[in-house]
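J.: how would this look folded up:
(chains A, B, C and D)
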Protein chains: 2
Amino acid sequence: MGRTSDADERLKDAALALIWEESYGAVTIDDICTRADVKKGSFYYFFNSKAELAVAALEKLWATEWKPRLDSTFSSSVEPLTRLTTYLTNFYHSQVETKARVGRVLGCPACSIGSEVSTQEIDVNAKVREILGRKRRYYESVIRDALAEGTIEPCDPAQKATALIGLIEGLVGQARIMNDPEILRNLPAMTLELLRAKQPVSTPAASA
Amino acid sequence: MGRTSDADERLKDAALALIWEESYGAVTIDDICTRADVKKGSFYYFFNSKAELAVAALEKLWATEWKPRLDSTFSSSVEPLTRLTTYLTNFYHSQVETKARVGRVLGCPACSIGSEVSTQEIDVNAKVREILGRKRRYYESVIRDALAEGTIEPCDPAQKATALIGLIEGLVGQARIMNDPEILRNLPAMTLELLRAKQPVSTPAASA
DNA sequence: AGTTGACTAGACTAAATAGTCAACTATCCG
DNA sequence: CGGATAGTTGACTATTTAGTCTAGTCAACT
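T.: Residues are numbered from 1 along each chain as shown, chains lettered A, B, ... in the order given. Modelled structure (predicted):
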């Protein structure tokens, strides 16, 4: 009973977009309300704080964007290393597109937010860790599959996943700081080298 | 003539410490003044804004901390790959120590600040880029030297430096987010593998 | 059609924050 | 010593921000 509303969804979308474009600390509740076209009273009807909204927004990001994309890109029906290169090539293109659209390379919202709030906002930090942990499994799995197929040199999957995540997130961070998506262009190749891929992998044409 | 003061230095130190421990956006001018034991009026006597202070603080960080340490660690009198492993091992220890002291892994202030302010505060961002650019030269140089000595496989130094920076900064970022310095323990080994070092390198005992 | 409960509106308070200013103080240097 | 200059102080204003509250609106279901 009572009426229904999508104001909470609009708030999550607005919060994520603003925080991604600026930063967690630079975005105010009023900013979010304005962008979402929701009044303060409604904001506090749905959420108790910016942190609570941020947690909900991150979970929505995972559920509606990341998980579907990861599930399809890291499908077992695709060769392990191709999953990775496809994913990274698409990511590169998306960052190029974002820069063309908003004038900035925005990188990975989870990592940016996570680093910013790590010593504050423990709930937000916990959600970031949770999401990054879920994503890590895709990397570990792809490494194990590549090992099983013998397309990479022997290694410890967990350790390699850590290095892989470091390389990827690190370059993404640099791309944001430098506002230069071209830093990400060779990410697929760098990744294959890090993994010591044995043979050339079919890489989607990295034109741009 | 007139009196002298070190209030501006105290402000830089306080700003850097607070921003590192929290984040750029979470730290207010009042916070900085309190920590530095300087009154607001004096703050505005020396600086026009938090951004201007941040720029000065970053430059001081470079001049008094980073440059001296890099110059001594990356001395040409040391074997190229040993420079790197020593640097990274020391870095790991410093992060362990920081965690023991303040309870948090704080990572690299330049990268954290850079990512946070990249789409705002263009002066701060420019200074971060400048400093990261200076640091990059040490990496490129060490790669070139290692190539010259034949201790790593042939590669393009600029490209390898990008990958190296990505790996290092990426793992440092993860360590901050996860508040776990152990992520950095294998950084020297991962780095050698990324560089395809040909033989075992004398690594300072990585006990801890 | 009416009742109920979900949602909205927006004015309001209190606190935090940036930034200003004019009077004051200490130190340097001649 | 005494004047000029560098630096200090803290109260002040204006603005922004988080968070509250009450009256009201709208849609679902009976």
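J.: Which residues of chain A lie near DNA strand C?
T.: Taking C-beta under 7 Å from any atom of the strand as the contact definition, chain A meets DNA strand C at A:1-5, A:7, A:38-42, A:44-46. Every residue, glycine included, has its C-beta placed from N, CA and C.
J.: so does the top helix by length along chain A get close to chain B?
T.: When chain A is parsed with DSSP state H, its longest helix is helix A:122-149. Yes. Using C-beta under 8 Å from any C-beta of the partner chain, helix A:122-149 reaches chain B at A:125, A:128-129, A:132.
J.: buried set for that helix?
T.: Of all the residues in helix A:122-149, those buried under the rule 16 or more other C-beta atoms under 10 Å in any protein chain shown are A:124-125, A:127-129, A:131-132, A:135-136, A:138-143, A:145-147.
J.: Report the rounded mean pLDDT for that helix.
T.: On average, the pLDDT along helix A:122-149 is 98.
J.: Next, the buried residues of whichever helix or strand comes after that helix.
T.: Using DSSP states H and E, the helix or strand that follows helix A:122-149 in sequence is helix A:157-178. Neighbour counts over helix A:157-178 (16+ other C-beta under 10 Å) mark A:157, A:160-178 as buried.
J.: can you list contacts of the helix or strand just after helix A:157-178?
T.: Following helix A:157-178 in sequence order, the next helix or strand is helix A:187-195 (DSSP H and E). Residues outside helix A:187-195 that contact it (C-beta atoms under 8 Å, 6 or more residues apart in numbering or on different chains): A:81, A:84-85, A:88-89, A:91-92, A:143, A:146, A:152-153, A:155, A:160, A:163-164, A:167-168, A:171, A:201, A:203, A:206, B:163, B:166-167, B:193-194.
J.: before we move on, what about stretch A:10-23?
T.: Contact with stretch A:10-23 is made by A:27, A:31-33, A:35-38, A:43, A:46-47, A:50, A:53-54, A:56-58, A:60-61, A:102, A:104, A:106, A:109, A:112-113, A:116, B:23-25, B:116-117, B:119-120, as judged by C-beta under 8 Å, 6+ apart.
J.: touching DNA strand D at all, it?
T.: No. Residues of stretch A:10-23 contacting DNA strand D under C-beta under 7 Å from any atom of the strand: none, with a closest distance of 11.1 Å.
J.: per-residue confidence averaged over that stretch?
T.: In the prediction, stretch A:10-23 has an average pLDDT of 98.
J.: Could you export it as PDB, CA atoms only?
T.: In PDB, the C-alpha atoms belonging to stretch A:10-23 read as follows (Å, rounded to 0.1, in the frame of the first residue of the first chain):
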ATOM      1  CA  ARG A  10      17.800   8.000  -8.600                       C
ATOM      2  CA  LEU A  11      19.700   8.900  -5.400                       C
ATOM      3  CA  LYS A  12      22.000   6.000  -5.800                       C
ATOM      4  CA  ASP A  13      22.600   6.800  -9.500                       C
ATOM      5  CA  ALA A  14      23.300  10.400  -8.700                       C
ATOM      6  CA  ALA A  15      25.600   9.700  -5.800                       C
ATOM      7  CA  LEU A  16      27.700   7.200  -7.800                       C
ATOM      8  CA  ALA A  17      28.000   9.500 -10.800                       C
ATOM      9  CA  LEU A  18      28.900  12.600  -8.700                       C
ATOM     10  CA  ILE A  19      31.400  10.700  -6.500                       C
ATOM     11  CA  TRP A  20      33.000   9.200  -9.500                       C
ATOM     12  CA  GLU A  21      33.200  12.500 -11.300                       C
ATOM     13  CA  GLU A  22      34.500  14.300  -8.300                       C
ATOM     14  CA  SER A  23      35.200  12.500  -5.100                       C
END
